[in-house]
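Asker: Sequence first, predicted model second:
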Amino acid sequence: MIKYIDYFNSNRSRTPTMLVYDSFRGYLEESVKDKFYDSNIDLAVIPGGLTSICQPLDVAINKLFKDNLRKEWHLWIANSDAGKTAAGNLRRAKYSDVCNWIKRLWENISSETIINSFVNCSITELLDSDNEELEISDIDDDTNNNTDDDDEICDNKIYDIDK
C-alpha cells in the first residue's frame with residue numbers, strides 16, 4: 001500500500017485529495033495512515049458490509065460498466081467473431097478486443113454519472129454542475145497549475161463514515 005501511495009503521489013497534482021477505501025486492514029495500518037497524512041491525502045474509510053451502499057464505484061458505476069461489458073461480449077459472440085476451437089468450444093476474445101471494449105465503455109461513463117455517484121453516497125453534497133472544480137480530467141492535465149498554498153487547504157483527516 002505504501003508503494004501504491006508513492007506511485008499515486010508521483011502521478012497526481014498537489015490539490016487537496018480524498019481517497020475512499022473499504023475497511024481492509026491493509027489500508028488502516030498506522031504506517032499507511034501516516035503515509036496518507038504525510039502526502040496530504042484525506043482517507044475516508046467505509047465500514048465493512050457497507051461498500052454496496054457507500055462506495056461510489058459499487059453504487060453507480062460498476063454495475064453499469066459490467067452490464068455493458070457483458071453486452072459487448074454477447075455482441076461479439078452473436079456476430080460470430082468468436083469462432084470455435086478444434087474441440088468445438090468457443091474461442092476466447094483477444095486481449096486487444098477486450099481492452100478496446102473496456103476503453104470504449106469507460107469513455108462512455110459520463111462525468112455527471114461519476115459526480116452523482118459521490119453525491120448518492122453522501123461523500124459530497126450536490127454541487128453546481130457548471131462549477132469548474134467538478135471537471136474530471138487526466139492527472140497530467142497542464143491546466144491544473146498548483147501553488148504551495150493549495151497544500152494548506154487539505155486538512156489531512158481520516159474520515160470514518162461509521163462514526
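Answerer: Good, I have the coordinates.
Asker: Endpoint to endpoint, stretch 25-45 covers what distance?
Answerer: 11 Å (Cα to Cα, to the nearest Å).
Asker: Run the chain-centre distance for it.
Answerer: On the basis of Cα atoms, centre = their mean, to the nearest Å, the separation between the geometric centre of stretch 25-45 and that of its chain is 17 Å.
Asker: likewise stretch 7-18?
Answerer: For stretch 7-18, the separation from the chain centroid amounts to 14 Å (computed by Cα atoms, centre = their mean).
Asker: Flag every buried residue along it.
Answerer: Residues of stretch 7-18 classed as buried by neighbour count (16 or more other Cβ atoms under 10 Å): residue 17. C-betas here are computed from N, CA, C, even on glycine.
Asker: what's the span of that stretch from first residue to last?
Answerer: End residues of stretch 7-18 are separated by 16 Å (Cα to Cα).
Asker: Show the average pLDDT along that stretch.
Answerer: The predicted model gives stretch 7-18 an average pLDDT of 85.
Asker: is it true that residue 116 touches residue 59?
Answerer: No. Taking Cβ atoms under 8 Å as the definition, residue 116 is not a contact partner of residue 59, at 9.3 Å.
Asker: For the protein, which segments count as strands?
Answerer: If DSSP state E is used as the criterion, the strands of the chain fall at 17-22, 41-46, 158-160.
Asker: So which elements touch the first one?
Answerer: It refers to strand 17-22. Packing partners of strand 17-22 (3 or more Cβ pairs under 8 Å, 6 or more residues apart in numbering; DSSP states H and E): strand 41-46.
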